[in-house]
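Engineer: Please work out how this folds:
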Amino acid sequence: MDTTQLGTLIMKLEAANAKATLNIYNEIIKKPGSPHILKALNCCVEAYKYAILSFEMVPSKLVEDPQIINYDVAIMVPKLLIVKRN
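Structural biologist: Numbers count the residues shown, from 1 in each chain. This is a model prediction of the structure:
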């Protein structure tokens, strides 16, 4: 397995993990809660939607220009870490 295949596999796994987390957030949103919690959860949903799109685009970018992946990850990961802390 070369690095492109490995990177593609990792991004597919990350996309699947992010989709599972997004589904959990969407289920939580359906339950009654305070407006502050709903607002925070909606921020989480948006961050995960963005992350999923990014993870799904990585394999094609990996073939085109591997250096751009560093930028995507540098932007995406801090957003998800903020969401997980909150």
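Engineer: Which other helices and strands does the helix or strand hosting A16 contact?
Structural biologist: Using DSSP states H and E, A16 falls within helix 3-30. Where contact means 3 or more C-beta pairs under 8 Å, 6 or more residues apart in numbering; DSSP states H and E, helix 3-30 is packed against helix 35-64, helix 66-85. The way it works is simple: take the backbone N, C-alpha and C, and place the C-beta from them, glycine included.
Engineer: That helix to helix 35-64, inter-axis angle?
Structural biologist: Interaxial angle, helix 3-30 versus helix 35-64 (axes from the mean of the first three to the mean of the last three C-alpha atoms, to 10 degrees): 160 degrees.
Engineer: nearest residue to the residue nearest the centre of the chain other than its sequence neighbours?
Structural biologist: Against the mean C-alpha coordinate of the chain, by C-alpha atoms, centre = their mean, the closest residue is A51 at 2.6 Å. Leaving out its chain neighbours, the residue that sits closest to A51 by C-beta to C-beta, 6 or more residues apart in numbering is A18, at 4.9 Å.
Engineer: Right, I'll leave it there.
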